[in-house]
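Q: Just to be clear, the model below is a prediction. Sequence and coordinates:
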Amino acid sequence: MARGSSLGEFELMVLLALIRLEDEAYGVPIAREIEQCAGREAALGSVYAALERLESKGLVSSRLGDPTAERGGRAKRFFKVTDLGLSEARAIRRALTSLWNGIPKLREQMS
Amino acid sequence: MTKRRPPALAAWLLKRLGIADANEPLVGDLTEEFQNGRSASWYWRQTASALRRYVGPRSVSALVGWTAQLAVVLAMRQFTPTSWVALPVGAAILILLNPALGRFTKRAAPRLRLPVSALDDFSYYLANYLLIASFLVPMKVTTVLLCEVLWFIARQVAWVFSCRPRHIAN
């Protein structure tokens, strides 16, 4: 895990949603992905706040698209995961899997 | 497709409390989702969440900005001595112009391929010029330009105190 870049639960969900979407994605599909996978409504304001924190940690990058009429003339902001973001996600997965494997009772209940 | 109008008060709050400036793509996403069939209650929930996230730092920023602009208005009176009545007249012109300017910027931004916030700034300066003109006193061009520069500086003060970046680098 990168030093000093600990992620909160929602930040991790946003990062994973962005990885699942593969190409550049903006707020709406990211929020939908979280809703579908986690079964809870994701506020767009929270999604953007998490994305801004991830960007400040260097885990995602963003660019502004062109404004469109159906969005009231407002531009989309496209995000993509950086190499550092991918390696951070892998490191978290390894750490969490290792921790889960050390809890046999919970593992039996889940299966 | 018939265009639906988001709840007017929620849209007004997003604009007036600075969310639309602080995070233009977020407001665009809300508009897009609402046009795609989301309910008014969904729009309100999202607005409330956005206000919780953004209104704190933006409020401080707006307060500082308005204070600086008030200082500029007071300084302008030194250049253009006039009656205090001119100030509410100018403010009334700004308030009356705001909705029309908002509609203009929303329509023009996609055609010009510019962010709405850029055109908002342009219309803001236009409104400022009208405010200055409402002082109803003959002014030299250099005085007007000086006032515009002062307005510009005052406008930027808000962003210095803002906690969030306005434009996103690639």
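A: That came through, no problem.
Q: ok now the helix or strand A:R77 falls within, how far from the chain's centre?
A: Using DSSP states H and E, the secondary-structure element containing A:R77 is strand A:74-81. On the basis of CA atoms, centre = their mean, to the nearest Å, the separation between the geometric centre of strand A:74-81 and that of its chain is 14 Å.
Q: That strand: which residues count as buried?
A: Going by neighbour count (16 or more other CB atoms under 10 Å in any protein chain shown), the buried part of strand A:74-81 is A:R74, A:A75, A:K76, A:R77, A:F78, A:F79, A:K80, A:V81. C-beta coordinates here come from the backbone N, C-alpha and C atoms, glycine included.
Q: Over to stretch A:35-50?
A: Within stretch A:35-50, the residues scored as buried using 16+ other CB under 10 Å are A:A42, A:A43, A:L44, A:G45, A:S46, A:V47, A:Y48, A:A49, A:A50.
Q: who touches that stretch?
A: The contact list for stretch A:35-50 (CB atoms under 8 Å, 6 or more residues apart in numbering or on different chains) reads A:8, A:10-11, A:13-14, A:17, A:20, A:27-28, A:30-31, A:34, B:23, B:25-26, B:29-30, B:33, B:45-46, B:49-54.
Q: Check the residues you listed for burial and list the buried ones.
A: Neighbour counting by 16+ other CB under 10 Å classes A:10-11, A:13-14, A:17, A:27-28, A:30-31, A:34, B:23, B:25-26, B:29-30, B:33, B:45-46, B:49-51, B:53-54 among these as buried.
Q: Now, those residues that are in helices?
A: A:10-11, A:13-14, A:17, A:27-28, A:30-31, A:34, B:25-26, B:29-30, B:33, B:45-46, B:49-51, B:53-54 (DSSP state H).
Q: sorry, back to before: which of the buried residues of stretch A:35-50 fall within strands?
A: Cross-referencing the buried residues of stretch A:35-50 with the strands (criterion: DSSP state E) gives no overlap at all.
Q: Which single one of those is nearest to A:L64?
A: Set against A:L64, the nearest of the buried residues of stretch A:35-50 by CB to CB is A:Y48 (13.1 Å).
Q: any idea how far A:Y26 is from the closest one?
A: Relative to A:Y26, A:Y48 is positioned 10 Å away (CB to CB, to the nearest Å).
Q: With A:L16 as the reference, measure out to A:E70.
A: With the distance defined as CB to CB, A:E70 ends up 28 Å from A:L16.
Q: Neighbour count for those two, which is higher?
A: The residue with more neighbours, out of A:E70 and A:L16 and counting by other CB atoms under 10 Å in any protein chain shown, is A:L16; that gives 18 against 14.
Q: Now do the contacts for the residue in chain B that chain A sits nearest to.
A: Closest approach between chain B and chain A, counting by CB to the nearest CB: B:G28, at 3.1 Å. By CB under 8 Å, 6+ apart, the contact set of B:G28 is A:P67, A:T68, A:R71, A:G72, A:R74, A:A75, A:K76.
Q: thinking again about what came up before, overlap in contacts of A:Y48 and A:Y26?
A: In the contact map built from CB under 8 Å, 6+ apart, the residues linked to both A:Y48 and A:Y26 are B:P25.
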